[in-house]
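**Student:** no letters, just coordinates:
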Ligand SMILES: Cc1cc2nc3c(=O)[nH]c(=O)nc-3n(C[C@H](O)[C@H](O)[C@H](O)COP(=O)(O)OP(=O)(O)OC[C@H]3O[C@@H](n4cnc5c(N)ncnc54)[C@H](O)[C@@H]3O)c2cc1C
């Protein structure tokens, strides 16, 4: 902890971290105060099945210049992937594609007239001249006026509620119009592709290396990784298992996660649902092992078998190959 920082940033969400980074680049010493036990705020990551994912969906639009500049400055541009992000709306447990005006016209929970009004009003939002005033207009008032009450209640309101909860009705119409324009702009700029930062599996690989060293080395050591930096690291007493407890990694991502499994795991837990999928992922793991010169037989392979209570069917045998 810095004793007397030049600046203090409250909150380690994306805004706080970006502000701290900008201050640091200006040569200031910065302390960040974060109330929770994780950094990243709404855009933090959690590990699920060995892969980092965000608790809330996030993507980067082509016109998000500030975010893209920051990614550049941090040297992460190589990790930014542009992928097609198809959208769908779930209504009464049925999903409806929602990528084009044609999809709006096919949205059968509404009558034909309601669909035409919804599609036309959504298109008009792209060209509204009165956008300057929309900051003060709640979507719950302006939305039904444009999209029709049923169009608003059936399509937009559930989406707003999912995102903003009890505040859904007080959100400004400007927000919704900006989202419609942003998505329309993305379609024009990249053929509807959206940017995603590839998950940082490097952190998992580094953590495994670091932990293995702490479990096995007697002397204090320094570790200067990209994600973790330690000085004079040690772990005493050492674990009872020799040479160290096995690393069990549950992962299925073929390009990056299985590479980490090949490099680090003693036991691999493959999240496959079918024997064919297990065999396929197993082959991919073999290829990663061959690429780094590791004997694939050193890695014990396992799968989770889920048996719902009361089921009479036997799970398909997966682990034989
Ligand atoms: C469902 C959903 C989807 C989204 N999708 C996208 C998207 O696709 N693209 C996009 O660009 N944006 C998206 N966003 C918006 C994006 O997540 C936010 O704009 C961004 O993460 C906000 O960052 P922030 O740092 O301003 O705030 P936050 O992420 O809220 O961070 C604030 C931080 O401050 C901490 N804090 C609060 N009070 C204190 C205190 N008193 N002391 C110390 N710490 C404190 C909090 O614990 C938190 O870590 C989405 C948001 C949601 C909810």
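**Tutor:** Arrived safely. This structure is a prediction, so every number in the text was calculated from the model and none was measured. Numbering: from 1, shown residues only.

**Student:** which residue does the stretch 101-250 of the chain bring closest to the ligand?
**Tutor:** In the stretch 101-250 of the chain, no residue comes nearer to the ligand than residue 163, which is 5.0 Å away by Cβ to the nearest ligand atom. All C-beta atoms are positioned from the backbone trio N, CA, C, and that covers glycine.

**Student:** same question for whichever strand or helix holds that residue, mean pLDDT?
**Tutor:** Assigned by DSSP states H and E, residue 163 falls within helix 157-164. Across helix 157-164, pLDDT averages out at 92.

**Student:** now for it, which elements pack on it?
**Tutor:** Judged by 3 or more Cβ pairs under 8 Å, 6 or more residues apart in numbering; DSSP states H and E, the packing partners of helix 157-164 are helix 139-147.

**Student:** check which helices and strands the helix it packs on is in contact with.
**Tutor:** Using 3+ Cβ pairs under 8 Å, 6+ apart, the elements in contact with helix 139-147 are helix 112-125, helix 157-164, helix 173-190.

**Student:** okay, how far is it across stretch 86-100, tip to tip?
**Tutor:** 10 Å (Cα to Cα, to the nearest Å).

**Student:** check the offset of that stretch from the chain's centre.
**Tutor:** With Cα atoms, centre = their mean, to the nearest Å as the basis, stretch 86-100 stands 20 Å off its chain's centre.

**Student:** buried residues in that stretch?
**Tutor:** Neighbour-count burial for stretch 86-100, counted by 16 or more other Cβ atoms under 10 Å, picks out 89, 96, 98.

**Student:** and residue 310, what's its pLDDT?
**Tutor:** At residue 310, pLDDT is 68.

**Student:** contact residues of the chain facing the ligand?
**Tutor:** 10-16, 33-36, 41-43, 56-59, 163 (Cβ under 6 Å from any ligand atom).

**Student:** which of these fall within helices?
**Tutor:** Among those, the members found in helices (DSSP state H) are 14, 15, 16, 163.

**Student:** please pick the buried ones from those residues.
**Tutor:** 14, 16.

**Student:** residue 154: neighbour count?
**Tutor:** The number of residues packed near residue 154 is 19, by other Cβ atoms under 10 Å.

**Student:** setting aside sequence neighbours, what's the nearest residue to it?
**Tutor:** Of all residues not flanking residue 154 in the chain, residue 109 sits nearest, at 5.5 Å (Cβ to Cβ, 6 or more residues apart in numbering).

**Student:** which residues of this structure fall in strands?
**Tutor:** Ranges of strands in the chain, per DSSP state E, are 7-10, 30-33, 46-48, 51-53, 80-84, 88-91, 94-97, 193-197, 221-224, 229-233, 248-250, 267-269, 300-302.

**Student:** mind giving me the packing neighbours of the second one?
**Tutor:** In this case it means strand 30-33. By 3+ Cβ pairs under 8 Å, 6+ apart, strand 30-33 packs against strand 7-10, helix 14-25.

**Student:** which stretch in those is the model least sure about?
**Tutor:** helix 14-25 (a mean of 89).

**Student:** if we can go back for a sec, ok, of the residues of the chain next to the ligand, which come out buried?
**Tutor:** Buried, going by 16+ other Cβ under 10 Å: 11, 12, 13, 14, 16, 34, 41, out of those.

**Student:** state the pair within these that is farthest apart.
**Tutor:** 14 and 34 (12.4 Å; Cβ to Cβ).

**Student:** which one of the residues in the stretch 51-200 of the chain is closest to the ligand?
**Tutor:** Closest point on the stretch 51-200 of the chain to the ligand, by Cβ to the nearest ligand atom, is residue 56, at 3.6 Å.

**Student:** tally of neighbours for residue 287?
**Tutor:** If we define neighbours as other Cβ under 10 Å, then residue 287 has 13 of them.

**Student:** can you verify my assumption that residue 87 contacts residue 100?
**Tutor:** No. Contact between residue 87 and residue 100 fails when scored by Cβ atoms under 8 Å: they sit 9.8 Å apart.

**Student:** so residue 168 sits right up against residue 153, yeah?
**Tutor:** No. In this structure residue 168 lies outside contact range of residue 153 using Cβ under 8 Å: 11.4 Å.

**Student:** ok, those two, which is more surrounded?
**Tutor:** More crowded of residue 168 and residue 153, by other Cβ under 10 Å: residue 168, with 18 against 13.

**Student:** show the contacting residues for residue 88.
**Tutor:** The contact partners of residue 88, by Cβ atoms under 8 Å, 6 or more residues apart in numbering, come to 95, 96, 97, 98.

**Student:** beta partners for it?
**Tutor:** Here residue 88 sits in beta bridges with residue 97, going by DSSP bridges.
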